[in-house]
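1. What follows is a predicted protein model with its sequence.
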Amino acid sequence: MQVQAYDDHQLIEAYLAGDEAAFSTLLHRHKAKIYSSIYMFTKDRELADDLFQDVFIKIIDTLRKGKYNHEGKFLQWALRIAYNMCVDQFRRSKRRSKVSATETFDIFDILESEDPNRESTMIRDQTHHRVRALVDMLPSEQREVVILRHYADMSFKEIACLTDVSINTALGRMRYALINIRKLIEEKELVI
């Protein structure tokens with residue numbers, strides 16, 4: 001069987017048995033979601049790159065020490081490590097997290113879409129800008145759930161596990177985020 005056909009657990013076992021290609025496959029399988037979740041918290045490409053490397057160094061170290069628990073899913077575990085490192089970085093820097101694009105990265109550029117015409121592109125870009133601005137105005141706990149749900153494509157169960165709250169709390173935060181976004185739209189009389 002080829003390494004690409006292995007599930008995450010098999011890849012970890014193969015890596016621990018000395019197959020470096022197995023870890024490379026594991027990395028490539030999950031790097032987009034892990035990197036995106038880190039970037040959405042940091043809003044800084046260089047910092048996200050550094051944290052991404054730190055996450056995989058910690059993963060390798062944990063695997064080699066035999067401390068990985070096979071009961072959970074690898075991606076969820078890796079996202080938890082990434083989340084914790086982002087929180088640690090945030091605490092160190094005391095920087096407010098924003099959902100905004102930079103010159104080199106915009107999450108909307110990598111989302112799949114049909115080839116729209118110029119008018120559709122302009123409308124989409126304006127809408128994305130308005131939505132990002134509204135999400136940025138939310139309280140941090142609500143903003144976090146919106147980012148994880150809609151930008152990192154995580155389930156509420158995964159969000160609850162990652163943020164160490166109950167599913168009901170995660171759902172409640174999303175509900176209040178949507179209510180607050182609606183209020184902001186009405187207050188600012190925005191058309192989205």
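-> Ah, there it is.
2. Roughly how far does Val87 sit from Ile81?
-> 11 Å (CB to CB, to the nearest Å). The C-beta positions use only the backbone N, C-alpha and C, and glycine is treated the same way.
3. Could you chop this protein up by domain?
-> Listed domain ranges for the chain are 1-97, 100-192 (source: automatic domain parsing).
4. Mean pLDDT lowest where, among these?
-> Per-stretch mean pLDDT for the domains of the chain is lowest at domain 100-192 (a mean of 78).
5. how many neighbours does Glu141 have?
-> 15 (other CB atoms under 10 Å).
6. next one: the one 4 residues further on
-> Per other CB under 10 Å, the neighbour tally for Val145 reads 26.
7. wait, what's in contact with the residue lying closest to it once chain neighbours are set aside?
-> Using CB to CB, 6 or more residues apart in numbering and skipping residues adjacent in sequence, the residue nearest Val145 is Arg173, 4.4 Å away. Arg173 makes contact with 141-142, 144-145, 165, according to CB atoms under 8 Å, 6 or more residues apart in numbering.
8. Now Lys157: closest residue in space that isn't a chain neighbour?
-> Ile167 is the one closest to Lys157 (CB to CB, 6+ apart), at 5.9 Å.
9. quick one on the thing from earlier: and the contacts of Arg173, which two are furthest apart?
-> Spatial extent of the contacts of Arg173 (CB to CB) is set by the pair Gln142 and Val165 at 12.2 Å.
10. higher neighbour count, the two?
-> A direct count of neighbours by other CB under 10 Å for Gln142 and Val165 places Gln142 higher, at 21 against 16.
11. For the residue sitting nearest the centre point of the chain, which residues are in contact?
-> Geometric centre of the chain, nearest residue: Ser37, 1.9 Å, by CA atoms, centre = their mean. Contact partners of Ser37, counting by CB under 8 Å, 6+ apart, are 79, 82-83, 86, 148, 151-152, 154.
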